[in-house]
Each structure stands twice: as C-alpha cells, then as structure tokens.
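> with the input below, show me the fold.
(one chain, ligands or ions: 1)
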Amino acid sequence: MSQHHKSTRADRAARKQYRAECAEADLPCWLCHLPIDYAAAWDDWTNNDRFQRDHFYPASTHPELYDDPENWRPSHAGCNERRGNSDAVGGLGILSRQWAPTL
Ligand SMILES: [Zn+2]
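Below is the predicted model of the structure:
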C-alpha cells in the first residue's frame, strides 16, 4: 500500500468540499469550541482563526484514516498547530499510547 498524504488532487478537492460543508453548518472549532472565520482564505497565514481540517486520529499514528471523512474535524489553524506541537489534546484520551500509569 502506498502512503499518499498531502496535496493529491483528490485530497485538495475533498478538503475544499469539507470546508464548504463546515462553513454551511457554521461548525465551531472542535478543539476550543469557538467560531471559525470561514471568510478567511486558507492561505491567510496571519489569521489563526481561519479554517483548517484537523484529524481526530492524527495521520502520524493512523495514516489509514487520513482520507476518511469520519476522521475529519473542523479546527482553527492556530489550534491545529498548537495541537500538532503538543501532540495531545488534554483529557480526550485519543492517543493509543499513553503515559505509564501513576499507580
Ligand atoms: Zn480553536
């Protein structure tokens, strides 16, 4: 199986479609629950409130879910980047590998 992560034509089209659906429903950021600035361009790098497609299960650990719409979540670019840097969302328990038990 080949891994095709970013920037395939099909993925760009799917991402655009997903953004349109989220904008239509005016979905908030799934990380901080605040409204997303759907009017902002995807490449408006200075705007942390712009839309970005996030993955519930990160592509780094679940590459097979990268293209699965069920795994997509609307997020702020800023929140998505912060999450990427910290590699975890507090309290959601979405990581399959957790820290060692404290018992
Ligand atoms: Zn957010």
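> just the element for D43, please.
Per DSSP states H and E: D43 is located in neither a helix nor a strand.
> can you tell me the closest non-neighbouring residue to the most centrally placed residue in the chain?
Nearest to the mean C-alpha position of the chain, counting by CA atoms, centre = their mean, stands D54 at 0.4 Å. Closest residue to D54 apart from its sequence neighbours, by CB to CB, 6 or more residues apart in numbering: S75 at 3.9 Å. Just so you know, the C-beta spots here come from the backbone N, C-alpha and C atoms, and that holds for glycine as well.
> contacting residues around the lengthiest helix in the chain?
What stands out as the longest helix in the chain, according to DSSP state H, is helix 9-25. Defining contact as CB atoms under 8 Å, 6 or more residues apart in numbering, one finds that helix 9-25 is touched by H4, I36, Y38, W42, F51, R53, D67, P69, W72, P74.
> filter these down to the buried ones.
With burial judged by 16 or more other CB atoms under 10 Å, the buried subset of these is I36, Y38, F51, R53, D67, W72, P74.
> related to what we said a few turns ago, tell me the secondary structure for the residue nearest to the centre of the chain?
Following DSSP: H, G, I helix; E, B strand; the rest coil, the label given to D54 is strand.
> that one and the ion: what is the separation?
D54 is 9 Å from the ion, where distance means CB to the ion, to the nearest Å.
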